[in-house]
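Visitor: next input, structure requested:
(10 chains)
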10 protein chains.
Amino acid sequence: MAKINQSIPEFKAEAFHNGEFKTITNDDVKGKWSIFLFYPADFTFICPTELEDMANHYPELQELGVEVYAVSTDTHFSHKAWHDTSDAIGKIKFPMLGDQTGNITRGFDVMIEEDHMAMRGTFLADPDGIIQVAEIHNGGIGRSAKDMVRKVKAAQYVRANDGEVCPAAWEQGEATLTPSLDLVGKI
Amino acid sequence: MAKINQSIPEFKAEAFHNGEFKTITNDDVKGKWSIFLFYPADFTFICPTELEDMANHYPELQELGVEVYAVSTDTHFSHKAWHDTSDAIGKIKFPMLGDQTGNITRGFDVMIEEDHMAMRGTFLADPDGIIQVAEIHNGGIGRSAKDMVRKVKAAQYVRANDGEVCPAAWEQGEATLTPSLDLVGKI
Amino acid sequence: MAKINQSIPEFKAEAFHNGEFKTITNDDVKGKWSIFLFYPADFTFICPTELEDMANHYPELQELGVEVYAVSTDTHFSHKAWHDTSDAIGKIKFPMLGDQTGNITRGFDVMIEEDHMAMRGTFLADPDGIIQVAEIHNGGIGRSAKDMVRKVKAAQYVRANDGEVCPAAWEQGEATLTPSLDLVGKI
Amino acid sequence: MAKINQSIPEFKAEAFHNGEFKTITNDDVKGKWSIFLFYPADFTFICPTELEDMANHYPELQELGVEVYAVSTDTHFSHKAWHDTSDAIGKIKFPMLGDQTGNITRGFDVMIEEDHMAMRGTFLADPDGIIQVAEIHNGGIGRSAKDMVRKVKAAQYVRANDGEVCPAAWEQGEATLTPSLDLVGKI
Amino acid sequence: MAKINQSIPEFKAEAFHNGEFKTITNDDVKGKWSIFLFYPADFTFICPTELEDMANHYPELQELGVEVYAVSTDTHFSHKAWHDTSDAIGKIKFPMLGDQTGNITRGFDVMIEEDHMAMRGTFLADPDGIIQVAEIHNGGIGRSAKDMVRKVKAAQYVRANDGEVCPAAWEQGEATLTPSLDLVGKI
Amino acid sequence: MAKINQSIPEFKAEAFHNGEFKTITNDDVKGKWSIFLFYPADFTFICPTELEDMANHYPELQELGVEVYAVSTDTHFSHKAWHDTSDAIGKIKFPMLGDQTGNITRGFDVMIEEDHMAMRGTFLADPDGIIQVAEIHNGGIGRSAKDMVRKVKAAQYVRANDGEVCPAAWEQGEATLTPSLDLVGKI
Amino acid sequence: MAKINQSIPEFKAEAFHNGEFKTITNDDVKGKWSIFLFYPADFTFICPTELEDMANHYPELQELGVEVYAVSTDTHFSHKAWHDTSDAIGKIKFPMLGDQTGNITRGFDVMIEEDHMAMRGTFLADPDGIIQVAEIHNGGIGRSAKDMVRKVKAAQYVRANDGEVCPAAWEQGEATLTPSLDLVGKI
Amino acid sequence: MAKINQSIPEFKAEAFHNGEFKTITNDDVKGKWSIFLFYPADFTFICPTELEDMANHYPELQELGVEVYAVSTDTHFSHKAWHDTSDAIGKIKFPMLGDQTGNITRGFDVMIEEDHMAMRGTFLADPDGIIQVAEIHNGGIGRSAKDMVRKVKAAQYVRANDGEVCPAAWEQGEATLTPSLDLVGKI
Amino acid sequence: MAKINQSIPEFKAEAFHNGEFKTITNDDVKGKWSIFLFYPADFTFICPTELEDMANHYPELQELGVEVYAVSTDTHFSHKAWHDTSDAIGKIKFPMLGDQTGNITRGFDVMIEEDHMAMRGTFLADPDGIIQVAEIHNGGIGRSAKDMVRKVKAAQYVRANDGEVCPAAWEQGEATLTPSLDLVGKI
Amino acid sequence: MAKINQSIPEFKAEAFHNGEFKTITNDDVKGKWSIFLFYPADFTFICPTELEDMANHYPELQELGVEVYAVSTDTHFSHKAWHDTSDAIGKIKFPMLGDQTGNITRGFDVMIEEDHMAMRGTFLADPDGIIQVAEIHNGGIGRSAKDMVRKVKAAQYVRANDGEVCPAAWEQGEATLTPSLDLVGKI
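Guide: I've put the predicted structure just below:
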């Protein structure tokens, strides 16, 4: 079964974050909402724009209490070098995890084994580490950080308001639904 | 590994479509772009709004050459009854597949076994039946048909323009990227 | 071996009963005589007449201390919708169990696996949950609730009068037999 | 899965029939409708009345083109001796199969292994040897040959009129149903 | 290895004895010498003469402290019916065990599996339940109760006179042999 | 299952016979009736009397067309030495098989493994090599050659007169029985 | 690996010794030097001369504190008979072990399985039961008791004079060698 | 089973022989009688005397048509060095096989695995490569080349005179025995 | 066994070489001498000096007909970025293989699995792809390109002059040795 | 994975050292730096020069606190003989281990199984017994003791100065590197 409604996998990895190397584990992630943003490799073409897009939405996500983790199968040494030399990547203020062993990537089931590279997957986990949203794009189809912000809000609303559900394409502030027997077969 | 870049699973199912029962197989699906829209059960709360949202975007998707397949583990008899009695569902003009055996749902890896119900997964397959985009939401977090239309356009652009990639949050008409050695480490 | 003289299987299911949803388990069933009436699917052709036939005999069965459980592999949502929209089904006052996982149907060994639908089986269990009568019809051969009432009476007589047996086609009030050595080879 | 809609098992057995011993196989049975009437043992109490009841309905069943086979795990020698000495059994004009090995009884899945005796099961097979109706009673609950005659007629009607189904408690001559899309959810 | 010098198998069976049904186990047998007389089936040809022959020698065997058990794979019901209707069998005063499950017959290793009938085996067990003599005849070769009486006496003599052996064709009262080193190679 | 109605086992052994050593196989045995007389060991106590008893009846058996084979787990060298030095054994004119490997003894299922010695078993095989009579005595209970002669005659009569059976304790010249349906349950 | 420097196998056997039968085990053997003299069978050709040769050297071996055990797969009964009737074997004063089961012969790894006879092996064991010398001859090649006496003396000398070794073809009284580093590469 | 009457193992080894290195295989050995003389290691104490003893008897063995192969788990380089530096070993004119892999030593079943050294085993093979004599000494017990010469002669006599056997301690020229039935039990 | 004298493993990898990306396989490597220089990761400390040291000796190696392949588990994208930004690495003119899957590293048996990084191993393969020299350093112990040049010359000399060997610490031009029997034990 | 950064294998071997035989185990080795110098066989061609080269550098290595162990699959007897007779080997003052079982050679993974000889491997272990450097040469390519001395010094420097690394081709006294974040991507 896909990873939705399951716990994020156990991991321990070296990360590059704000000019420092640090060790981050799955336990460190819990207690806040988290987004795991997988991309194939440092120093490649489309990735920087997706990472830059996420970097631009990072302040809004931080206000929502969300931490972002970029993950590729490169080392933290490589992440630092990329951050040092690329304008786009240089904007990133969230941690970049070095997953050269592939443990995290396999744990989220997005490893392309013949390339030892990650698929373009994005995962939203709640403060308990339970995955609420998964989104995976093939090849050159770019992801949208703005869409993900909308989903974060919907997920946070559902968590905060037990028993209410967000109907399709819901935007913050719109009406929601409360399930009841009377509604069965009536919508 | 997740289903991205893999073929849609083999299946054969009875569908309710435009007032008729018909048999649809995975081979029938190929030759066009297709969206598989999984939902948990007929006659429940949030599903109708998601299905109605998709029904409203169906003309636009048809123009893009995309067929939509709604799938739940209910029978085609149940689909017809729901279509007959619900205003929201009555708007649907795309096929509703009866997957009471769960073959399709398991084939896309979105079965919740303890409920014998599907997770809220949406999959976009290209005319070769290869899955290009996957998106799965937990519980009450509603999906957006409009987002899916944007992704369809990006996927179609990448397929039509071999070698170009759509950067993050790309909208139709915007510039794209063509990968080349010179770009490595330069973005 | 067939299920006769065995305990009803363990199960836990959502049921629609008298306008409400409730959870029913195999333990809830014990303490009374029970009839399990399996049928293939909601919203189909012959089933309503069999269910209506049983609904018409329900008062007599209730006087005999018998509860009836209709079972199909549809959900309780579907059962409610059918009950709401069908005149025949609307007469039903006994619980309708949603067995979309197929646990109950497989437990009574009447699952048609390629259809994930139940065969037309009827089972009578005594207050200890032990199956006393099983009857299964193929395809379009309708069952008779009246026959089942006769069998209930015979079964209850045997249970109440230990050591006496009901001869063939026995009707309530007729003479019965008491086994003894002298009868061996004498009838 | 129970035996409904499956072929009768392969067997070869010695039978007592009309004062003679003869060998009967599953192939001999085909080409006509057949009833297999299992009972626990020769020279016991309730069995003679059930067998006598069936003997009394035998002319009607013969007119319907049905052969009856009584089966127990006694030998054909024992069957002859019982037939010679019991008035009730002496009326029987259909074959009595000696199944001391239990092959037939196990083939129909009605063996009580700890007793090496058959449960009280009745099976109706069509001329292709496919089982259409199964009925099993525990302990002292007597079976009714008359009920079985009604079921034979319903089964023969369904076989003769492809596409029509017999609703509940149908008696010969009553109206039947023809399935069609329009009826879905309308009964 | 054959069953000689081994314990009789464990069993529990219904027997017909002196007009009554009773349960007999392997433990009931111990404490006396016992003969187990297996025969294929009730109501057959040669068996009655063998059983009658044993019945005629039964008083002599009783004086020798030997109980006789007739065993076939028929039920105790069948044994009673045969006893009631056959002059030869009517003479029998020893228990007739109903071994329809075949447990006793298999325990003595004389089951003909394809017929579920016993071979014509006779076994003599001592008061400890240890088999001392085994004799099995094929097909129509009748056994002799008189021979068995001679063997009983020889076996009882050996048991009573530890260290002495009965030479070939020994009859009660004749000289026996006491083994000693001097006899080695001298007879 | 015991060895009755089965073929004698395959074997090849050195035998002492009429002052010579010769090789005898199971194929050599066929075409005549044969008696296999197993005994524990050369130069022991009771064996000589049993072997002498058989030697005394050998002329009569030869007239009946029966060959006798004495078998122990001693070598043919030992058989010759015993024959040379024992008056009783010196009378033997039938072959003595050396079965030091135990192949024949195990083939007839009469090996006492902890002693590598045979039980006192006697087997009668017909000219097809099929075992018709088996008789095994424990410890010191002597066998009777005269009894065996009677059984040979009964077995030869049954073989010669297909369809007739020898009743219990039958002696040559007495009446026999012909099985027929009319006799069932009548003796 | 061959048996040298291993313990003699566990065994328990009946032996003929000085006109008596007695039980001998591997434990009885320890405490003295022992020779195990295997031969194929009693009453055969070459064996008596080898056994007689050993019998003639037995007084010398007894003075050296050595017991001799003759072993074949014949019984102790056969050994006695051979001893009684053969002049050569009658000279034997050491125990003759009856190994009809082959346990001892297999324990020393000299069984010819297709004959169930021992190879012509001789083994010398020290008082701890450890085998010091093994010698096996094929077919008709006779063994020499005198050679064995020489080996016994060498083995006893080595055991008594720890650290000294007997050079090739050493005879009692000759010089021996004491191993030391200086001798390495110097002889 | 020990190696007697079996073929010498397959091997291929480098040998030092008459100042040269050459490759010798098991096939090269056949066609002549051969002695395999195993010893633990080059440059050790007792081995040289045994090897020298064999070297002294080598002319006699060559006249008898016997080749000798000395074998240890040292290399042929080591053999040459020992031959060059030791007076005793320098006398050797037969091949010295380098068996550092242990293949030959294991093939003759004389490997001491914990030392990777051979036991002191001597084997005589006939011109067909079949082992006729095996002799193994533990520890410091020296072997005698003269004894082996005697055995060679006996083995050659038996091979040349089919049907005659050499009695115990036979020396060339002495009478031998011809097996016949008359001798059984007479020696 | 270590990799010496074995073939280089099969591989197919993307390489950065002289400003281009190209695919290189194990087959491309053959036909020339090759050095595989493994290092843990791009953008780390000691590696650049070792790579620079090798880069400085590259002209000399090219004259000797040797190609050099640097290998780490980074991608070719990362290699390019490092080459673009590091002065030391910028000097490299030989191919840098991207082994992010670890196939090459595991093929040479130098993977540190818990880090998914290579050990500091250097391998010299001849034009047949057979590994002639292996050298692996732990942690911070730097390798010397000059040493490797010496070894290349020795290996090339041995290959060119069959039968001659290079003694210890041999430098080009010094005398070598030709193995012969006379030298055994003489050096 | 290769042996680098692993513990030396467990072993126990006889060694020749300074005119004596002694037992050396892997535990004896610890507490000092150690070099294991494997070579194929005593009395061969190239080995003496390599061993002599090492013998010449032994005083320098001893000053560095390093013990050297020469290892081949010859015995310690052979080592002594070689030492006694070869001028080159006679210079050796370090222990020569007799590894005829191959335990040490296999433990370092340098066994050539088809020859039961070691590859030309050299291993440097630190005082904890952890292997720091491995170097293996094929065939005739001689090793250099001087190179190994350089590596010993580098390894000792790294061990003594935690956190500093020796760059490529480092010689004692040259500058080393201290890893820090600032250096990443800067060399």
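
Visitor: and the strands in chain A?
Guide: Across chain A, reading from the start of the chain, the strands by DSSP state E fall at A:12-17, A:20-25, A:33-38, A:66-72, A:96-98, A:111-112, A:117-118, A:120-125, A:131-137.

Visitor: of those strands, which approaches chain F most closely?
Guide: Proximity to chain F (Cβ to the nearest Cβ) singles out strand A:111-112 among these, at 59.9 Å. Where C-beta positions appear, they are placed from N, C-alpha and C, glycine not excepted.

Visitor: let me see the confidence value for the closest residue to chain J within chain A.
Guide: With Cβ to the nearest Cβ as the measure, A:Ala81 is the residue of chain A nearest to chain J, at 3.9 Å. Residue-level confidence at A:Ala81 comes out at 94, pLDDT.

Visitor: same check, this time on A:Lys186
Guide: With respect to pLDDT, A:Lys186 scores 62.

Visitor: picking that back up, dump the strands of chain A into TSV; add mean neighbour count, mean pLDDT and distance to D:Gly98 as well.
Guide: Shown next, in TSV, are those (neighbours: other Cβ atoms under 10 Å in any protein chain shown; pLDDT from 0 to 100; distance: least, Cβ to Cβ, whole Å):
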stretch	mean neighbour count	mean pLDDT	distance to D:Gly98
strand A:12-17	20	96	73
strand A:20-25	13	96	74
strand A:33-38	24	97	72
strand A:66-72	23	97	74
strand A:96-98	26	97	77
strand A:111-112	20	94	66
strand A:117-118	24	95	71
strand A:120-125	25	96	69
strand A:131-137	24	95	65
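
Visitor: for E:Met119, find the nearest of those strands.
Guide: Among those, strand A:111-112 comes nearest to E:Met119, with 67.2 Å by Cβ to Cβ.

Visitor: who does the closest one pair with, and is each partner parallel or antiparallel?
Guide: Counting by DSSP bridges, the strands paired with strand A:111-112 are strand A:117-118 (antiparallel).

Visitor: off-centre distance for the strand it pairs with?
Guide: Strand A:117-118 sits 15 Å away from the centroid of its parent chain (Cα atoms, centre = their mean, to the nearest Å).

Visitor: what lies in contact with the longest helix that chain A contains?
Guide: Among the segments of chain A that qualify as a helix by DSSP state H, the longest is helix A:46-63. By Cβ atoms under 8 Å, 6 or more residues apart in numbering or on different chains, the list of residues contacting helix A:46-63 from outside reads A:35, A:37, A:39-41, A:68, A:70, A:72, A:86, A:88-89, A:91-94, A:120, A:140, A:142-146, A:148-149, A:152, B:165-169, B:177, B:187.

Visitor: please repeat the previous calculation with a cut-off of 7 Å.
Guide: Around helix A:46-63, the neighbours that count as contacts under Cβ atoms under 7 Å, 6 or more residues apart in numbering or on different chains are A:37, A:39-40, A:68, A:70, A:86, A:88-89, A:91-94, A:140, A:142-143, A:145-146, A:149, A:152, B:165, B:167-169, B:177, B:187.

Visitor: closest residue of chain A to chain G?
Guide: Taking Cβ to the nearest Cβ, chain A has A:Thr101 as its residue nearest chain G, at 47.3 Å.

Visitor: next one: that residue from chain B, what distance?
Guide: A:Thr101 is 17 Å from chain B, where distance means Cβ to the nearest Cβ, to the nearest Å.

Visitor: what's the neighbour count on the nearest residue to that residue once chain neighbours are set aside?
Guide: Distances taken as Cβ to Cβ, 6 or more residues apart in numbering or on different chains put I:His116 closest to A:Thr101, at 4.2 Å, once the chain neighbours are dropped. As a burial measure, the neighbour count of I:His116 was computed by other Cβ atoms under 10 Å in any protein chain shown and equals 23.

Visitor: what is A:Phe123 paired to in the beta sheet?
Guide: A:Phe123 forms beta bridges with A:Phe36, A:Ala134, as assigned by DSSP bridges.

Visitor: contacts only, for it.
Guide: A:36, A:108, A:131, A:134.

Visitor: please apply the same query to A:Lys91.
Guide: Taking Cβ under 7 Å, 6+ apart as the definition, contacts of A:Lys91 comprise A:52, A:55.

Visitor: quick check on it: phi, psi?
Guide: Here the main-chain torsion angles of A:Lys91 (degrees, to the nearest 10) amount to phi -80, psi -20.

Visitor: per-residue confidence for it?
Guide: 93.

Visitor: ok, the residue of chain A closest to chain G to I:Thr101 distance?
Guide: 12 Å (Cβ to Cβ, to the nearest Å).

Visitor: that older thread, number of nearby residues for the residue of chain A closest to chain G?
Guide: The burial metric for A:Thr101, expressed as a neighbour count using other Cβ under 10 Å, is 20.

Visitor: cool, A:Val149 as well?
Guide: Going by other Cβ under 10 Å, the residues that sit close to A:Val149 add up to 17.

Visitor: the one 4 residues further on too?
Guide: By other Cβ under 10 Å, 17 other residues sit near A:Lys153.

Visitor: ok, and the closest non-adjacent residue to it?
Guide: Once its chain neighbours are removed from consideration, A:Lys153 has its nearest residue in A:Gln172; the separation is 4.7 Å (Cβ to Cβ, 6+ apart).
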